[in-house]
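[1] Provided below for reference: sequence and predicted model.
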Amino acid sequence: MNEIPSFAFNLHTDLRFGAGRAQELPGWLEASGWRRVALVVDSGAAANPYWRAVETILLQKFEVVRLESDMAEPSYDYLDQARKQFADKDLDVFVAVGGGSTLDLGKALSLLVTNLKPAIEYRGFDQPKNAGVPLVAVPTTAGSGSEVTPNAVFTDTSEQRKFGINTALYLPRFCVLDPNLTASCPPQVATSSGMDALVHTHESYVSRQATPITKIFSIAAFELLFNHLAAAVEEKFNVAARGHVLLGSYLAGTALFNSSSGPCGGLSYPLGVQYKVPHGLAGAVFLPHIMAHNVARGYTGYKALYDRVAGAPSIADPVAAGEALTERMFALCRRLNVPSRLEAFQFQRANLDGFMVHVRKLQAAFDFNPIPFGADDARRILEEMTAPLAAKD
């Protein structure tokens, strides 16, 4: 039997899961002794009647400084503008309510009130030095995993690239996973965020940095996400399905930050910035293509995921199981209208050479893939996805 390599595993966030748990938020804040609240809420969540009822109580019981944001992909410039609203305030806690971008915004702002350089100077890993104001994360979409990860991604408008402020200093103290908060999520957003979580669970599972514990989280996340995402998107009032996807997203995020991302995550950044594609969708379009690349070149690890697909016939051969899982991933993408061709985003074959300038900067992410993957492999897949009859379309 092979020896288990040494590894580390971290999980810092106190989870509260279940339909109705958001209503308990005022009590948790009060029990923690937090009175002065910075509330960062996205405009979609602000219109959710269920959240409005909770917010009404917060406004009545606490001193609240409120920022409502409609920024789908915040920039570092926006961070510097938004921080002004909270400067010189004596704050006890930040509460971020919304999708992944709003949670990232809340995470960064909780640090920028105690770390006073321009936001762009904190991009990278462990650049902020001062602990931020405690943070509570309340996701209203199921996918980003931002409520549990030490990553927050923003756009550098001068370089037209996405970079993260990555630090454990803003990890949320609490996160509230309440599927009632996702009921108002539009189908396109639910698809993008849910597929983002599937990318996370895939890349954390196959990563060269995966550990025995992260694989447990990845497999559990995959089972919840793959089997329930379509129902969560298509059936607005299916609270059970939305709860499965919300928990799956959390588990996938936990696995991801304890392992690594990979080619899908890497390729999503230039596609998102250059073609204004929502982050989750920008990674999802590549997911079945990367899986096909791995299976065709000898990766046999997908059987453990295939075995969690509800109703799938038993397949003993790991190669055949990987092929079957890849076909099912293509089918799920078709069902949820995730494009297989990049023309859906106005990306033409003529754009490929310029796009490859950005792709060649992604090798660090590519190296985490279990099968060798480089810029030439990415170009081949991009060519397939811009061909007249793109693979599997």
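    Thanks, I have it.
[2] Only C-alpha atoms from now on, for both contacts and neighbour counts.
    OK.
[3] same for the longest helix seen in the chain, what does it pack against?
    Using DSSP state H, we find that the single longest helix of the chain is helix 212-234. Counting contacts by 3 or more CA pairs under 8 Å, 6 or more residues apart in numbering; DSSP states H and E, the secondary-structure elements packed against helix 212-234 are helix 187-206, helix 239-257, helix 303-306.
[4] Between helix 187-206 and it, find me the angle.
    Orientation note: helix 212-234 sits at an angle of 160 degrees relative to helix 187-206 (axes from the mean of the first three to the mean of the last three CA atoms, to 10 degrees).
[5] mind checking how far helix 212-234 is from the chain centre?
    From the chain centre to the centre of helix 212-234 is a distance of 13 Å (CA atoms, centre = their mean, to the nearest Å).
[6] buried residues in it?
    For helix 212-234, a neighbour-count test (16 or more other CA atoms under 10 Å) marks 214-215, 217-233 as buried.
[7] ok, back up a step: compare the helices and strands packed on helix 212-234 and give me the one nearest Thr167.
    helix 239-257 (11.1 Å; CA to CA).
[8] name the element Val40 belongs to?
    Counting by DSSP states H and E, the element that carries Val40 is strand 36-42.
[9] got a list of contacts for that strand?
    With contact meaning CA atoms under 8 Å, 6 or more residues apart in numbering, strand 36-42 is reached by 62-71, 86, 90-99, 102, 105-106.
[10] Alpha carbons of that strand, in PDB - could you do that?
    What follows is strand 36-42, C-alpha atoms only, in PDB (Å, rounded to 0.1, in the frame of the first residue of the first chain):
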ATOM      1  CA  ARG A  36     -22.100  48.700  14.000                       C
ATOM      2  CA  VAL A  37     -22.700  46.800  10.700                       C
ATOM      3  CA  ALA A  38     -21.300  47.500   7.200                       C
ATOM      4  CA  LEU A  39     -23.900  45.900   4.800                       C
ATOM      5  CA  VAL A  40     -22.700  45.200   1.300                       C
ATOM      6  CA  VAL A  41     -25.700  43.900  -0.800                       C
ATOM      7  CA  ASP A  42     -26.100  43.400  -4.500                       C
END
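[11] hmm, who's touching the following helix or strand past it?
    Sequence order places helix 43-46 as the next helix or strand after strand 36-42, per DSSP H and E. By CA under 8 Å, 6+ apart, the list of residues contacting helix 43-46 from outside reads Trp51, Arg52, Glu68, Ser69, Asp70, Val97, Gly98, Thr140, Leu181, Ser184, Cys185.
[12] do stretch 147-159 as well
    For stretch 147-159, the surrounding residues in contact (CA under 8 Å, 6+ apart) are 11-13, 73-77, 101, 103-105, 107-108, 120, 137-139, 146, 161-172, 175, 250, 253-254, 257, 273.
[13] Centre-most residue in this structure?
    Residue closest to the average C-alpha location in the chain (CA atoms, centre = their mean): Ser144, at 2.2 Å.
[14] pLDDT score assigned to it?
    You'll see Ser144 listed with a pLDDT of 88.
[15] any idea how far it lies from Ala252?
    For Ser144, the distance to Ala252 under the criterion CA to CA, to the nearest Å works out to 9 Å.
[16] Quick check: neighbours shared by these two?
    Ala197.
[17] At which residues are the strands of the stretch 51-200 of the chain located?
    In the stretch 51-200 of the chain, the segments counted as strands under DSSP state E, counting those that start in this stretch are 63-69, 93-98, 124-125, 135-139, 151-156, 161-166, 174-177.
[18] Deepest-packed of those, please.
    Burial among the strands of the stretch 51-200 of the chain, expressed as mean neighbours by mean count of other CA atoms under 10 Å, is greatest for strand 135-139, which shows a mean of 28.
[19] ok, back up a step: ok, and the closest non-adjacent residue to the residue nearest to the centre of the chain?
    Gly100 (5.1 Å; CA to CA, 6 or more residues apart in numbering).
[20] same question, Ala137
    With sequence-adjacent residues excluded and distances taken as CA to CA, 6+ apart, Ala137 is closest to Cys175, at 4.6 Å.
[21] Isn't the one you found up against Thr140?
    No. No contact is recorded between Cys175 and Thr140 when judged using CA atoms under 8 Å, the distance being 11.3 Å.
[22] got the phi/psi numbers for the residue nearest to the centre of the chain?
    phi -70, psi -30 (degrees, to the nearest 10).
[23] How about Val239: what's its closest non-neighbour residue?
    Using CA to CA, 6+ apart and skipping residues adjacent in sequence, the residue nearest Val239 is Pro179, 6.2 Å away.
[24] no no, Phe62
    Taking CA to CA, 6+ apart, and ignoring the residues beside it in sequence, Phe62 has Arg35 as its nearest neighbour in space, at 5.3 Å.
[25] For that neighbour, give me the backbone phi and psi.
    Backbone torsions of Arg35, given as degrees, to the nearest 10, read phi -110, psi -30.
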